[in-house]
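Colleague: turn this into a structure:
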Amino acid sequence: MNPILEKLVQIGKKDSKIILGLMSGTSMDGLDVALCKFIGSGTDTQVEILQFESVPFDEAFKKKVRTIFAKEEIHFPELSTLNVEVAQKHASIVNDLLQKWNIENDSVDVIASHGQTVMHRPMRDHSRPHSTIQIGDGDHLAYQTGIITLSDFRQKHIAAGGEGAPLAVFGDYLLFSQKSENRILLNIGGIGNFTYIPGDLDPHAIRVTDTGPGNTLIDALVRRYFPAQSFDKDAAIANKGKVSEDLLHLILKDDFFKENFPKSTGPEKFNLDWLNKIMLDGNIHLSPEDLICTISELTARSISDAINQYLHIDNTYPTRLLISGGGSNNPFIMKRLSELNPNFNCEDFDVLGFDSGAKEAVLFALLANETLSDATVYKNRKLGDTPWPSLGKISLPL
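Modeller: You can find the predicted model right below:
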């Protein structure tokens, strides 16, 4: 037997595993790196974050990725090259951090790498298959770090009948559910998504969906009108503007907001070209401050609408809305979520004693742990209304 395959089998049998989770979101701010110790699997999973760091990307690297990111027409050779360059960048960050943390590479059992999404294309009209592309090839990452790597997690979810997103439901259910308490675990990254876990922990009643734009449109508008900034820090811009109900009404008429749940989306859908067309068709002209204020309101409003339309909450239990992601640092969005959902306790995810910044990197480490350890997986398994297969392709370092 190939000795690396034999090593992988032995890792799968270990009571505890050291897994390095990597996550780079659609905002492309940087790479989140979480070194985790896992004991057990499934609902018995215990995780300890041994180290966590978010390493920012330089502007030149982000500019390269944006040349192909979420675009209908690209220079295909650039996509091919960036698939390698992203992996090289991630591998360099991993090697540097492990050295900084005084941890030998061979003491890490596996890497779990999300990669960099450059296209997410759900086709809910069924005219063509759902598809998604994450670059940052796992073979390059494995070879350059010497660590077995699991990557490309979203493909199996699509193969099993899902849309490849959101995947947070698995971490939310296995790590953050609480008996006798309804929890809505909301993440506001580039796109908003939430997992609902009922207080009786019935896995069939779990719901997960994207809600629409999170920070992606806000950040794009800030970069357009305030080039020295990359996001609306402390909602300073939004708080100077006022909401245009006319624009908000036109946006919420978009087909995405009428489609059945669960659903997923991305910047391929919600981008400035899409927004510009709506404003042009509606003959709407706004100041930058009013526009950013209105789009910030859109984030809060679309999340609240999705909660009210999709969920049937058992009021036997109290309900907590626990919010993570960059949007949790936006006072305007947090205030509006509290106002729009007066029956819930709206709180920052950090109140659970878990670093919300590390959540998504830990999620992919958990998915790798499940792939290696889950002895109960079977075909067509579901968690709520989302497929629950083993996720991730395995790349060997030799």
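Colleague: any idea how far the nearest residue to Lys7 once chain neighbours are set aside is from Ser107?
Modeller: Distance criterion CB to CB, 6 or more residues apart in numbering; nearest residue to Lys7, sequence neighbours excluded, is Ile148 at 7.3 Å. For the C-beta atoms, the positions are set from N, CA and C on the backbone; glycine is no exception. Taking CB to CB, to the nearest Å as the criterion, Ile148 is separated from Ser107 by 13 Å.
Colleague: and for Ser287?
Modeller: 55 Å.
Colleague: those two: who's more crowded?
Modeller: It is Ser287, of Ser287 and Ser107, that has more neighbours when counted by other CB atoms under 10 Å, with 13 against 10.
Colleague: who touches that one in this structure?
Modeller: Ser287 makes contact with Gly241, according to CB atoms under 8 Å, 6 or more residues apart in numbering.
Colleague: can you pull the pLDDT of it?
Modeller: Confidence at Ser287, expressed as pLDDT, is 98.
Colleague: go on, Leu391?
Modeller: We have a pLDDT of 97 for Leu391.
Colleague: what residues are up against it?
Modeller: The contact partners of Leu391, taken as CB under 8 Å, 6+ apart, are Phe153, Arg154, Lys156, His157, Leu167, Leu367, Glu370, Thr371.
Colleague: which phi and psi does the first one have?
Modeller: Note on Phe153: its backbone torsions stand at phi -70, psi -20 [degrees, to the nearest 10].
Colleague: now swap in the fourth one and tell me
Modeller: Main-chain dihedrals, His157, degrees, to the nearest 10: phi -60, psi -40.
Colleague: got the contact list for it?
Modeller: Under the criterion of CB under 8 Å, 6+ apart, the contact list for His157 reads Glu163, Gly164, Ala165, Leu167, Thr386, Pro387, Pro389, Leu391.
Colleague: if we go to 10 Å?
Modeller: Neighbouring residues of His157 by CB atoms under 10 Å, 6 or more residues apart in numbering: 130, 132, 163-167, 170, 264, 386-389, 391.
Colleague: which of the residues in the helix or strand of the chain with the lowest mean pLDDT are buried?
Modeller: Here the helix or strand of the chain ranked lowest by mean pLDDT, DSSP states H and E is strand 345-348, holding a mean of 90. Residues of strand 345-348 classed as buried by neighbour count (16 or more other CB atoms under 10 Å): Cys346.
Colleague: and that strand, what does it pack onto?
Modeller: In terms of contact count using 3 or more CB pairs under 10 Å, 6 or more residues apart in numbering; DSSP states H and E, strand 345-348 is assigned the packing partners strand 319-324, helix 331-340.
Colleague: so which of the ones you listed is nearest Gly353?
Modeller: Using CB to CB as the measure, strand 319-324 is the one of the helices and strands packed on strand 345-348 that comes nearest Gly353, at 11.7 Å.
Colleague: and what about Asp32, helix, strand or coil?
Modeller: Per DSSP: H, G, I helix; E, B strand; the rest coil, the local secondary structure of Asp32 is strand.
Colleague: against Ile303, how distant is it?
Modeller: On the measure of CB to CB, Asp32 and Ile303 end up 22 Å apart.
Colleague: so for those two, which residue has more residues nearby?
Modeller: Set side by side, Asp32 and Ile303 show unequal neighbour counts under other CB under 10 Å, the larger going to Ile303 at 28 against 22.
Colleague: doesn't Phe257 make contact with that one?
Modeller: No: with contacts counted by CB atoms under 10 Å, Ile303 stays clear of Phe257, the gap being 11.4 Å.
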